[in-house]
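this is a predicted model, with the sequence first.
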Amino acid sequence: MGRIRPILHPRAHDYGFLIRRWRTAARKRGLRFVPYASASGYELFYAITRRPAAGRPWIYLSAGIHGDEPATTEACLEWVTSTGLPRDDINLMVFPCLNPWGLVNNRRDDAEGRDLNRTYHDDAVPQTAAHKAALGKLRFDLALALHEDYDARGVYIYETRGPAPYLAEELLSAASRHLPIDPRRSIEGRSSRAGVIRRTITRDMMPEHPEAFVLFFHHTERALTLETPSEAHIDARVAGHVAMIERAVQLRLEISCP
Ligand SMILES: [Zn+2]
């Protein structure tokens, strides 16, 4: 019998463990770790560059809005701890886990049965209202929302149609060291090409707004939703997300400094 590879993330649904590791990482990496809301008995946090500097691109990351997508929360933390922060070339804001109850219970929805990623039009949902308030008037040069998908046959990306150059193909190339690229021509009813779904977002295209809509309407010209396949090994999914985050930041810096 072959040797079974150990799972490196056996506590990926332990929110307390995630937050303890984040506190340590934030302290070491020059980030403030800020509580901004509580929901269903869990405190929500964001991490933000302690001393932002003008002229550096602002990068936004979020994870765990769907609690059954644990590679996203692990990957955000892994990237922050492995990327050499604090670094003097970017400002950073990270939402490490937008749905702690979902993470703990391995559920897509929150404790009230809501898909939080369809509530950004609705100020009556406390977690998303608090998230929007925490964003304030901040503008980001790049925003990445991390997700996973049980139906995926590989990694794929939604990219908002905005100013060129586009980044998705390069990100998929970086992820392809760890995961296949989803070959389907249609994903979630939208046309896809080599794992890229590039779309023009308008306010009325969906009545229930996902996070990416709010980001695109108010906070960034570049919003990408990164999707890894839930049924791949979690180590590969984490590695795929980390590779995409790192490549996206590199590419964004190249756009700033041609
Ligand atoms: Zn998701």
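Yes, it's here.

contacts and neighbour counts: CA atoms only from here.
Will do.

around the ion, pick out the residues from the stretch 51-200 of the chain.
Selection of the stretch 51-200 of the chain residues close to the ion by CA under 5 Å from the ion yields 66, 147.

quick one: low-confidence residue ranges for the stretch 51-200 of the chain.
The model of the stretch 51-200 of the chain has pLDDT under 70 over residues 85-86.

try 90
55, 82-89, 162-164 (pLDDT under 90).

give me the residue from it nearest the ion.
Proximity to the ion, evaluated over the stretch 51-200 of the chain using CA to the ion, is greatest for residue 147 at 4.1 Å.

and the pLDDT for the closest residue in space to that residue that isn't next to it in sequence?
Take residue 147 and drop its neighbours on the chain: the residue closest to it by CA to CA, 6 or more residues apart in numbering is residue 227, 4.7 Å away. On pLDDT, residue 227 comes in at 98.

pairing partners for the strand or helix carrying residue 227, with directions?
Using DSSP states H and E, residue 227 maps to strand 223-229. Strand 223-229 pairs in its sheet with strand 142-149 (parallel), strand 156-160 (antiparallel), by DSSP bridges.

any chance of those strands in TSV, plus mean neighbour count?
Shown next, in TSV, are the strands paired with strand 223-229 (neighbours: other CA atoms under 10 Å):
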stretch	mean neighbour count
strand 142-149	24
strand 156-160	25
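
now those strands as JSON lines including distance to residue 206?
As requested, these are exported to JSON lines (distance: least, CA to CA, whole Å):
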{"stretch": "strand 142-149", "distance to residue 206": "18"}
{"stretch": "strand 156-160", "distance to residue 206": "14"}
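
any chance you could map the helices in the protein?
15-28, 70-82, 100-105, 126-135, 168-175, 211-214, 234-256 (DSSP state H).

need the ones you listed in a markdown table (columns: mean neighbour count).
Shown next, in a markdown table, are the helices of the chain (neighbours: other CA under 10 Å):
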| stretch | mean neighbour count |
| --- | --- |
| helix 15-28 | 16 |
| helix 70-82 | 23 |
| helix 100-105 | 23 |
| helix 126-135 | 17 |
| helix 168-175 | 21 |
| helix 211-214 | 21 |
| helix 234-256 | 20 |
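
with distance to residue 159 as added columns, please give those helices in TSV.
Below are the helices of the chain laid out as TSV (distance: least, CA to CA, whole Å):
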stretch	distance to residue 159
helix 15-28	28
helix 70-82	17
helix 100-105	25
helix 126-135	20
helix 168-175	7
helix 211-214	10
helix 234-256	12
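
which among those is found nearest to residue 56?
Among the helices of the chain, the nearest to residue 56 by CA to CA is helix 234-256 (8.6 Å).

separation between residue 74 and residue 249?
As judged by CA to CA, to the nearest Å, residue 74 and residue 249 stand 18 Å apart.

what do you get for residue 92?
Separation of residue 92 from residue 249 (CA to CA): 10 Å.

and stretch 14-30, average pLDDT?
Averaging pLDDT along stretch 14-30 yields 95.

let's have the chain start at 14 instead
Yes, from this point I'll number from 14; that puts the last item at stretch 27-43.

okay, that stretch in CSV with CA atoms only?
Extracted C-alpha coordinates of stretch 27-43, given in CSV (Å, rounded to 0.1, in the frame of the first residue of the first chain):
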residue,chain,number,x,y,z
ASP,A,27,-11.2,26.0,13.8
TYR,A,28,-11.9,29.7,13.8
GLY,A,29,-10.2,30.4,17.1
PHE,A,30,-7.1,28.7,15.8
LEU,A,31,-7.2,30.8,12.7
ILE,A,32,-7.6,34.0,14.6
ARG,A,33,-4.8,33.1,17.0
ARG,A,34,-2.4,32.5,14.1
TRP,A,35,-3.6,35.8,12.5
ARG,A,36,-2.9,37.8,15.7
THR,A,37,0.7,36.5,15.7
ALA,A,38,1.1,37.0,11.9
ALA,A,39,-0.3,40.6,12.1
ARG,A,40,2.0,41.5,14.9
LYS,A,41,5.1,40.2,13.1
ARG,A,42,4.0,41.6,9.7
GLY,A,43,3.3,45.2,10.4
